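J.: Sequence and computational prediction follow.
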Amino acid sequence: MNFDFTEEQKLFAESVRRFAETNLKKDSLPRAHNPRFPLDVAKLMSQQGLMGITIPEADGGQGGALMDAVIAIEQVAAACPRSADVVQFGNFGPIRTFAEYGTDYQKKRWLEPCLKGQAVMSLGMSEPDAGSAVTDLKTSAKPDGNGYILNGTKVFSTFSPDAIVFLVYVRYGPGVGGIGSVLVERETPGFTIGPPQEFMSGEQWSELHFDNCRIPTENVLLGPGGFKKQMASFNVERLGNTARSLALGRYCYDRAREHANVRQQFGRPLAEFQGLQWKFADMAIKLESAQLLLYRAAANADKGLPSAYETAVAKAACNQAGFEIAHEAIQIMGAAGYSKSSLVEYCMRRCRGWMIAGGSIEMLKNRIAEHVLDRRFDQRPPKPKASEAAE
Ligand SMILES: Cc1cc2nc3c(=O)[nH]c(=O)nc-3n(C[C@H](O)[C@H](O)[C@H](O)COP(=O)(O)OP(=O)(O)OC[C@H]3O[C@@H](n4cnc5c(N)ncnc54)[C@H](O)[C@@H]3O)c2cc1C
């Protein structure tokens, strides 16, 4: 067992750090408060080889390992927390499911511009009545000649105000086996995108409405029975949220450390008060332990898809650690940390969202408990027995 990065990983981390310090650090504050997807950053990252790190070279990616993409998130976030979203988009988001299962036609049309930093894609999974219970989704795809007709509504899709194409989970038929996914372009007739709404983090999302929206058969990504494949790829997306949570937590930890060493009260640096020293010790324990779980999940996935259990453990630990550390950093920094002129309060708001998005902490704990106890716990109410139903 080796807990060190390889020489290659160290060099890669160093080069990403230099890139981020040089190109992203300067505008990190206004960028965090701009709700639009930073396409300028995506273009720079594409030139730097940071988009599609784990996507095969034949598809326009770098053919690297998931661990490299995690390293990229960490190094970018250390200079500009908001820009870590671009690493997420280019390596972990719906783009990864798309690269895994898309046809040559689909990849040429949509993957290429995304990897070049010219366009962004959004994931339409959640619905008004299907959040954690995602398999309750109702958005339907009914065959119609050489295409499908879509009807339904999606909510909370990240980047939806800016996306040119949407990866939409749909229902072709009843049950989990009836679920698959399609690609819908922004300008498609019958597809309307509501006005932007705002999360606590300042990120925007729009409702997506499909009203007899017709798409050609070439836009089908996964047909009926595709749900399991979608969820396996979704574990990659989860690892991106996991890595961002911890990276933003570390950003806050670093700012709080700097602050505590410099800020003087009662004639001595804050760092000399034991009440704050123990906060730093607790933060370090949370950071280090969560990071090991993150690295285990990413390293074991190698170039394939990560294990659902290891991802769930890592995500729950990093989501909690990231938020708690950001929260504590504000306390250590006082009004300076609470102020919008520092990025610490921004990081706290972002970390809060990842405790809900991409599998809430409670749903992850359900998954972990099933693994530990080696049985499945149906979350739905028991069906009435035939005798009770007859009464
Ligand atoms: C920042 C952010 C970005 C997002 N981006 C996207 C996106 O790009 N695309 C997209 O489709 N969706 C997105 N979402 C939506 C996200 O997928 C849902 O918020 C998530 O699935 C939870 O659904 P819900 O919010 O409807 O909560 P609900 O499912 O209503 O849950 C409410 C609470 O009950 C708990 N709960 C529910 N069921 C159980 C259970 N069985 N056991 C224990 N506790 C339970 C939940 O953990 C939660 O605490 C995003 C959300 C956020 C916050």
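T.: Here it is on my side, so go on.
J.: any idea how far the residue of the chain found nearest the ligand lies from Met231?
T.: Nearest to the ligand, among the residues of the chain, is Gly131, at 2.0 Å (CB to the nearest ligand atom). The C-beta positions use only the backbone N, C-alpha and C, and glycine is treated the same way. Gly131 is 15 Å from Met231, where distance means CB to CB, to the nearest Å.
J.: Surely Ser360 and Val134 touch.
T.: No. If you go by CB atoms under 8 Å, Ser360 and Val134 don't touch, sitting 11.4 Å apart.
J.: residues shared between the contacts of the two?
T.: The overlap between the contact sets of Ser360 and Val134 (CB atoms under 8 Å, 6 or more residues apart in numbering) is empty.
J.: show me what contacts the residue of the chain closest to the ligand?
T.: With CB under 8 Å, 6+ apart, Gly131 has no contacts at all.
J.: phi, psi of it?
T.: Gly131 adopts backbone torsions of phi -100, psi -100, taken as degrees, to the nearest 10.
J.: Sticking with the residue nearest in space to the middle of the chain, tell me its helix or strand.
T.: Nearest residue to the geometric centre of the chain (CA atoms, centre = their mean): Asn241, 3.8 Å. Element membership of Asn241 [criterion: DSSP states H and E] is helix 227-262.
J.: List the buried residues for that helix?
T.: By 16 or more other CB atoms under 10 Å, the buried positions in helix 227-262 come out as 227, 229-253, 255-257, 259-260.
J.: what's the spacing between that helix and its chain's center?
T.: Centre-to-centre, helix 227-262 and its host chain are 9 Å apart (CA atoms, centre = their mean, to the nearest Å).
J.: does it come close to the ligand?
T.: No. Counting by CB under 6 Å from any ligand atom, the ligand is not contacted by helix 227-262; separation bottoms out at 8.7 Å.
J.: Report the mean per-residue pLDDT for that helix.
T.: Regarding helix 227-262, the rounded mean pLDDT is 94.
J.: Kindly report the residues of the stretch 1-150 of the chain close to the ligand.
T.: By the criterion of CB under 6 Å from any ligand atom, the positions of the stretch 1-150 of the chain lying close to the ligand are 123-126, 131-132.
J.: Could you rerun that using 5 Å?
T.: 123, 125-126, 131-132 (CB under 5 Å from any ligand atom).
J.: For these, which entry has the maximal number of neighbours?
T.: Greatest neighbour count in those, by other CB atoms under 10 Å, goes to Leu123: 26 neighbours.
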